[in-house]
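Colleague: Fold the following and give me the result.
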Amino acid sequence: MKSRYIFDLDGTLLDSDYSGELEYFKQVLTTDEGDYFIPKIVSLLDKYESSFTKYDIHKLSRFMSLETSIKITPEIIKGWIEVGKESNDTVVDGTFELLEELKRENKEIVLLTNWFSTVQSERAKNAGIIDYIDEIYGGEIALKPNPDSYKNACGKTPMELCVMIGNDYKKDIVGSEIIGLDNIFFNRKDEHLPVKNSVKSLRKIKSIY
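Modeller: Numbering: from 1, shown residues only. The predicted structure follows:
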């Protein structure tokens with residue numbers, strides 16, 4: 001039996017709406033800059049997360065500026081963070097049922113996310129799930145798959161009583177596996193990957209732990 005459930009957010013509990021963020025960059029960059037920068041945002045963030053252990057506004061500013069030769073100032077990053085708080089995300093099917101069941105059983109529910117926790121907290125609030133969440137650990141503390149991210153998310157609960165749940169094989173499953181943290185792969189795309197525990201529906205989580 002597990003007492004602490006550690007969830008990824010994007011792609012696991014929420015389907016993300018990035019339209020506001022993309023519109024923001026169209027406003028703060030020139031047309032040519034936006035046409036070049038916007039399609040690269042996801043790959044740039046992936047590269048940053050592979051190079052650094054946590055998110056820092058000034059480091060992210062320097063990194064993106066060097067990678068793109070576009071002046072992405074700390075002020076632009078801060079504006080990006082603020083816009084992200086207004087995201088109109090969709091709650092993944094089965095989320096409310098699972099979170100309600102866990103709360104009825106007095107389980108701890110934690111978010112472990114690679115983006116800034118201030119943004120993710122507001123998004124969870126907008127989506128109506130924040131009241132189920134006990135703690136949020138964001139990328140400004142430690143980035144998955146850095147081992148510290150999972151250890152921090154376990155808090156004072158022994159690791160054997162914790163389980164990591166997410167849809168990203170590398171960041172949620174492989175990383176947690178390395179430090180001996182049990183995990184469940186939310187296999188939404190029906191991928192054939194070497195995982196011990198896999199579900200296609202959040203409603204199946206409690207059948208495992």
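Colleague: Name the strands paired with the strand or helix carrying I184 and say parallel or antiparallel.
Modeller: For I184, the element it lies in under DSSP states H and E is strand 182-186. Neighbouring strands of strand 182-186 in its sheet, by DSSP bridges, are strand 162-166 (parallel), strand 198-199 (parallel).
Colleague: winner for burial among those strands?
Modeller: Neighbour counts (mean count of other Cβ atoms under 10 Å) averaged over each of the strands paired with strand 182-186 peak at strand 162-166, with a mean of 25. C-beta: built from backbone N, CA, C; applies to glycine.
Colleague: show me where this structure has strands.
Modeller: Per DSSP state E, the chain carries strands over the ranges 4-7, 14-15, 90-91, 108-112, 135-137, 162-166, 182-186, 198-199.
Colleague: gap between K200 and N167?
Modeller: 11 Å (Cβ to Cβ, to the nearest Å).
Colleague: Over to T53?
Modeller: T53 is 22 Å from N167, by Cβ to Cβ.
Colleague: okay, the two: which has more neighbours?
Modeller: A side-by-side neighbour count of T53 and N167, using other Cβ atoms under 10 Å, places N167 first with 19 against 14.
Colleague: my guess is that one contacts I184, does it?
Modeller: No. Using Cβ atoms under 8 Å, N167 makes no contact with I184, being 10.2 Å away.
Colleague: State the number of residues packed around N187.
Modeller: The burial count for N187: 18, using other Cβ under 10 Å.
Colleague: Specify the beta-bridge partners of the nearest residue to it once chain neighbours are set aside.
Modeller: Counting by Cβ to Cβ, 6 or more residues apart in numbering, N187 lies nearest to S198, which is 4.6 Å off, once chain neighbours are set aside. Here S198 sits in beta bridges with F185, as judged by DSSP bridges.
Colleague: need the contact list for S198.
Modeller: Contacts here follow Cβ atoms under 8 Å, 6 or more residues apart in numbering; on that basis S198 touches I184, F185, N187.
Colleague: can I get these in JSON lines with pLDDT?
Modeller: Below are the contacts of S198 laid out as JSON lines (pLDDT from 0 to 100):
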{"residue": "I184", "pLDDT": "98"}
{"residue": "F185", "pLDDT": "97"}
{"residue": "N187", "pLDDT": "95"}
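Colleague: Next, format the residues you listed as TSV and append distance to L13.
Modeller: Output for those, formatted as TSV (distance: Cβ to Cβ, whole Å):
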residue	distance to L13
I184	13
F185	15
N187	15
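Colleague: just curious, which of these is nearest to P74?
Modeller: F185 (36.0 Å; Cβ to Cβ).
Colleague: was I right about the closest one contacting V195?
Modeller: Yes. Using Cβ under 8 Å, F185 makes contact with V195 at a distance of 4.4 Å.
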